[in-house]
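**Student:** I'd like to go over a predicted model; first the sequence, then the structure.
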Amino acid sequence: MFEDNLTIKETKKVQKNRNPVLVVLVIIFLLIFPKLLFGDIFILKSINNINAIKNLAPNDRFILSMLYGTAISSLLMYIFAKKYLNRNNLSLGLSSPNKIKNYLKGALIGFVMISGVFLQLKIYNQSQISLNTSNVPAGIFLVFFIGWVIQGFNEELMCRSILMNYFAAINGVKSAIITNSLIFAILHLGNDGFGIFPFINIFLMGVIFSLLFYLSDDIFLPAAVHTFWNFAQGNVYGINVSGITQSNISLIKTQLTGNPFLTGGAFGVEGGFITFWIEAIIVGVLLIGAKNRSKEKENKLINKKTGL
């Protein structure tokens, strides 16, 4: 069912043979260290000197420093992939001619997914909401959105573009999807409220991103889903994002008042059963899509051989 797609075939063609443990450790280092150094030190100090931002709550300034700190991380990861792994843009899923179309499609998917979770919280009386639009300056709202765009692309470049195709070239697609999704979940270990259910849900989200990348051959699709899932979660609906303290810059304020098993509690909705079953359905739909595509390729090959 999981034949090599275009980006994996290209990865097999160009990638240098490197130690997988070393590759993972270096990539994780390039994710964490630049974000801590440039985000928490330089960027945080810089934004504290901007009048419109220095008046924000400390947790909002921290979120912005974290988001924008991933820009340096992405650049270093890209250089590492190009120079050390000998990867090119095609193997990283950066060469699709449908980038804009796929990004818009991903934005819609991500927003609809989190909106489905939000609506169910209300339907099952698991939350209390209030409008907060009067307290959200348009400029600051845009600054947060751009930050989530950078952060979403950063994690997809790391886990899907680099690591997923790296492992797919070595051990096959199934193993690569599982491995990179496990790494993606493990990276959230230190977040507030993290536990077994959040781990399972983050893993499933990694599987969703991986399948979207596999089916599209374009990292811009899962990057957009990732961005709009997080952005809408934090700055539209006002929910904790993966255990990160709720932002004050959100159009809606949401208090999770129901059963933590359903809502995710302190971790946010990504740690609850409502998110789990939505993710499970989406994984199932994407697996059916991958199976159907495999059958179509097989039928085309048979028809070609038989001259039909």
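**Tutor:** Yes, it's here.
**Student:** tell me what the helix or strand hosting Leu121 is packed against?
**Tutor:** Assigning secondary structure by DSSP states H and E places Leu121 in helix 99-123. Here helix 99-123 touches strand 127-131, helix 196-216, helix 220-231, strand 252-256, helix 273-306, going by 3 or more C-beta pairs under 8 Å, 6 or more residues apart in numbering; DSSP states H and E. (Each C-beta comes from the backbone N, C-alpha and C, glycine too.)
**Student:** the bottom helix or strand of this protein by mean pLDDT?
**Tutor:** When the helices and strands of the chain are scored by mean pLDDT, DSSP states H and E, helix 44-47 comes last with a mean of 61.
**Student:** what kind of secondary structure is Glu3 in?
**Tutor:** Three-state assignment for Glu3 (DSSP: H, G, I helix; E, B strand; the rest coil): coil.
**Student:** Can you tell me how far it is from Ala176?
**Tutor:** 13 Å (C-beta to C-beta, to the nearest Å).
**Student:** So which of those two has more stuff around it?
**Tutor:** Per other C-beta atoms under 10 Å, whichever of Glu3 and Ala176 has more neighbours is Ala176, with 24 against 13.
**Student:** Surely the more buried one touches Asn165?
**Tutor:** Yes. Assessed by C-beta atoms under 8 Å, Ala176 is found in contact with Asn165 at 7.1 Å.
**Student:** Need the residues that contact stretch 196-210.
**Tutor:** For stretch 196-210, the surrounding residues in contact (C-beta atoms under 8 Å, 6 or more residues apart in numbering) are 156, 159-160, 164, 176-178, 180-182, 184-185, 188, 191, 222, 225-226, 229, 242-243, 261, 264, 267, 270-273, 275-276, 279-280, 282-283, 286.
**Student:** Also stretch 118-135?
**Tutor:** Residues from elsewhere that reach stretch 118-135 (C-beta under 8 Å, 6+ apart): 237-239, 248-259, 262-263, 269, 274, 278.
**Student:** what pLDDT, on average, does it get?
**Tutor:** The pLDDT scores in stretch 118-135 average 93.
**Student:** end to end, how far does that stretch reach?
**Tutor:** Terminal residues of stretch 118-135 are spaced 21 Å apart (C-alpha to C-alpha, to the nearest Å).
**Student:** Find the residue closest to the residue nearest the centre of the chain in space, skipping its chain neighbours.
**Tutor:** With distances taken as C-alpha atoms, centre = their mean, His226 lies nearest the centre of the chain, 3.6 Å away. Distances taken as C-beta to C-beta, 6 or more residues apart in numbering place Gly152 nearest to His226, at 3.9 Å, with adjacent residues excluded.
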